[in-house]
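# Pasting the sequence and the predicted model now:
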Amino acid sequence: MVGPAANGGRIVTSRQVLSVVNGGQDPVMRVGPASIASSDCGGIEFTREDVEALLSERIKPKNKFSLKEKCDTMTDYIKRLKMCIKWFQELEGDLLLEQEKHWKMLETAEKKCNDIEMVMGQKEEELNSIIVALRKNYTALQEKLAKEESDKLAAMVSLNKEKDARLSVERSQAPIKEELERAQRESSSANQKILSLNDMYKRLQEYNTSLQQYNSKLQAELNQTNEILKNVEKEKVAVLENLSNLRGYCTSLQDQLTATKVGESNDEAMKLKDALASEVGCLRLDLQQVRDERDRQLSHVQELSVEVLKYKELTGKSADELGNLTTKSNELEARCASQSDQIKQLQEKLDAAENKLAMSDLSAYEIRTGYEEQKRVNSELQFRLDEAELKLVEGEALRKKLHNTILELKGNIRVFCRVRPLLFDDAADDEPKAVSFPTTTENLGRGIELLQHGQKHSFVFDKVFVPESSQEEVFVEVSQLVQSALDGYKVCIFAYGQTGSGKTHTMMGTSGNDDDKGLIPRSLEQIFESRQTLQNQGWKYEMQV
Ligand SMILES: Nc1ncnc2c1ncn2[C@@H]1O[C@H](COP(=O)(O)OP(=O)(O)OP(=O)(O)O)[C@@H](O)[C@H]1O
C-alpha cells in the first residue's frame, strides 16, 4: 500500500527479474560452476574463488630487480586477467542472449497468460451465467416440485373423498336394492292379485249380466203372469158378471117355474128345470175350473213373486259384492299404481345411483390416471432435479477449479497499489502533482509514476487503484480471493504502507456509511452470503475467529 509518494513498484520489478533468471538465482552465483566448453579462454573455468584470488593476487617476482622477470610475471598476470575478462564477456554475452530469450519467453508467456485470462474471464462469465441459470432452474424446479406435491396431495384428498363417496353410495345402494327387490316382489304379488281380481271381476260381471238377463227374463215372465192375472181377473169379473146374470136368470127362471107350477104345464117346467140345472151344473163346473185356474195362476204369480224377490235379493247381494269387489279392485289398482310409481321412483333412484356410481368410477379412474401421470411427471422432475443438482455441483466444482486456476495464472502473490486522494492538509493546490498514471496500453491500470526532485520513477503493480476508485471497485478484485478461501484455498490479504496512506480506510472503511464499507466487512458479508447459498447444496461451513 502506498501513499502519494510510496514506491512499492520496485518490489514487483525485482520479483519479475528474479523469476526470469531460472529459479531466481543470482547470475554471479553461476560464475563458478559455469562450464563453457566452446569458450576462447582455453577451456579454463573460473570459479568465484579463482576470480577473487586472481584479483587479489600480489605480483611478487623472485628477483625484485629483474625487470624482465617482472615484465614476464606481469604479462602472465595480464594474460590470465584477459582470459578471465574474455570468459566474463563470453559469459555475459551468453547470459544476455539467455536473458533476451527469457524476456521473449516471458512476453509470449504473458501474452498467453493474457489470452488465457481473457478466455478464463469469458469462461467464468459463461459459467456464472450457467450457474445463475441453473440456480434459477433449480429454484423453478423446486417451486414446480412443491406445486406438484401440493397438487398430488389435493388429488389424493379428492381421490379419498371420491372413494368415501363411492363407498357411501354403495352402502346406500344396498338398502335401496333390497327395497327395490321387496317392491318388485310386492308389485308382482299385487299384479297377480290384480289379475285374479280382474278374473273374479270378469266372472262376477258375467254372473251379474247373466243374473240381469235372468232377472229381465223373470221380469218379463212376471209381466206376462201379471197380464195373465189381469186377464184372469177380467175373466173372473166376466164370470162373476155372467154368474150374477145367471143367478138373475136363475131367479127369473125360478120365478117362471113357480109361475109354471102355479099355471100350466108341470112337465115342461120340469124339463126346463133339468136343462137349466144341467146348464147351471156346467156353469158351476166352468166356474170351478176358472176358480182353479185362477188359484193356480195366483199360486204361480206368488211363486214367481217369491222367485223375483229372491232374485232381487240375490241381485242386490251380488251388486253389493260387486261394489265391494270393485272398490277393493279400485283400491288395489290405486295401490298398484302407487306401488308402480314407487317402483318407478326407486328405479329412477337406482338408475341415478348407478349413473353416479359409473360417474364416480369414471372420475376415480380419471383421478387415478391423473395421479399416475402426476407421479410420472414428479419422478421425471425429480430425475431432472437430481440431474440439475448434479450439474450444479459439477458446475460449481468446475467453477472452483477454473476460478482458482485463473487466480493461479494471475499469480499467487499479487500486489495492488491504492493511491488515496489528497487530503485537505496534504498539499497546496498549486503544487505540481507528484503522482501520475501511465496511459500506455502495456501499463494502463497497472503503472504508477512518481516525481521526486524532478526525476520520474515508474513502478508496475498487478493493479493500481486511482484516487477516484471506490471501496466497491477495490473489493471486486479482492472478492475473488474471498471466493478462493471459501473454495478451500488458503488466502491472506494484508495492507501495508506509510502512516496515513489509507490502510484502515481500505480495510475497515468508514462506519455508518454503507458505500464506504471496507474490505473486511464486505468480505464477511460475502462469506456469510456464500455460506447461506452453498448450505443449500449440502456444504457445511464452520467459522472461527
Ligand atoms: N481512498 C480514500 N478516500 C478518501 N479518504 C481516504 C482514503 N484513504 C484514506 N483516506 C483518509 O486518509 C486518512 C488516513 O487514512 P487511514 O487512517 O486509513 O490511514 P492509515 O494508513 O490507516 O494510517 P495509520 O497507519 O496511521 O493507521 C483518513 O482520514 C482517511 O479517511
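Everything's here; your move.
# So the closest residue to the ligand within the stretch 301-450 of the chain: helix, strand or coil?
In the stretch 301-450 of the chain, the residue that lies nearest the ligand is residue 420 (3.4 Å; CB to the nearest ligand atom). Glycine gets a C-beta too; all of them are placed from N, C-alpha and C. Three-state call for residue 420 (DSSP: H, G, I helix; E, B strand; the rest coil): coil.
# For the residue in the chain that the ligand sits nearest to, what are phi and psi?
Residue nearest to the ligand within the chain (CB to the nearest ligand atom): residue 502, separated by 2.7 Å. Main-chain dihedrals, residue 502, degrees, to the nearest 10: phi 110, psi 20.
# again, but for residue 489
phi -100, psi 150.
# dump the residue contacts of it.
Contact partners of residue 489, counting by CB atoms under 8 Å, 6 or more residues apart in numbering, are 404, 407.
# at 10 Å instead, please
400, 403, 404, 407, 408, 412, 481, 483 (CB atoms under 10 Å, 6 or more residues apart in numbering).
# Looks like the third one contacts residue 124 (just checking).
It refers to residue 404. No - Residue 404 sits out of contact with residue 124 when judged by CB atoms under 10 Å, with a separation of 11.1 Å.
# what do these two both touch?
In contact with both residue 404 and residue 124: residue 480, using CB under 10 Å, 6+ apart.
# Close to the ligand: what parts of the protein are there?
Applying CB under 6 Å from any ligand atom, we find that the chain lies next to the ligand at 420, 421, 423, 497, 499, 500, 501, 502, 503, 504, 505.
# which helices and strands does the longest helix seen in the chain pack with?
Using DSSP state H, we find that the single longest helix of the chain is helix 67-262. Packed against helix 67-262 by the contact rule (3 or more CB pairs under 10 Å, 6 or more residues apart in numbering; DSSP states H and E) you find helix 9-20, helix 48-55, helix 266-410.
# In TSV, list those helices along with mean pLDDT, mean neighbour count and distance to residue 529.
TSV is the format used below for the helices and strands packed on helix 67-262 (pLDDT from 0 to 100; neighbours: other CB atoms under 10 Å; distance: least, CB to CB, whole Å):
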stretch	mean pLDDT	mean neighbour count	distance to residue 529
helix 9-20	29	14	32
helix 48-55	79	12	58
helix 266-410	80	14	15
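# Could you export those as a markdown table, including distance to residue 477?
As requested, these are exported to a markdown table (distance: least, CB to CB, whole Å):
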| stretch | distance to residue 477 |
| --- | --- |
| helix 9-20 | 16 |
| helix 48-55 | 44 |
| helix 266-410 | 10 |
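# These: which one's closest to residue 107?
helix 9-20 (10.7 Å; CB to CB).
# Secondary structure class of residue 496, three-state.
Assignment for residue 496 (three-state DSSP): coil.
# can I assume it is in contact with residue 503?
Yes - the pair residue 496 / residue 503 is scored as a contact, 7.2 Å apart, by CB under 10 Å.
# Would you mind telling me which of the two has the busier surroundings?
Using other CB atoms under 10 Å as the criterion, residue 496 and residue 503 rank with residue 503 on top: 19 against 11.
# ok, now how distant is the more buried one from residue 509?
12 Å (CB to CB, to the nearest Å).
# Find residues that contact each of those two.
What both residue 503 and residue 509 touch, as defined by CB under 10 Å, 6+ apart, is the set residue 518.
# Give me the domain ranges for the protein.
1-19+416-461, 174-341, 470-545 (automatic domain parsing).
# Pipe those domains into JSON lines and attach distance to residue 351 per row.
Output for the domains of the chain, formatted as JSON lines (distance: least, CB to CB, whole Å):
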{"stretch": "domain 1-19+416-461", "distance to residue 351": "88"}
{"stretch": "domain 174-341", "distance to residue 351": "11"}
{"stretch": "domain 470-545", "distance to residue 351": "58"}
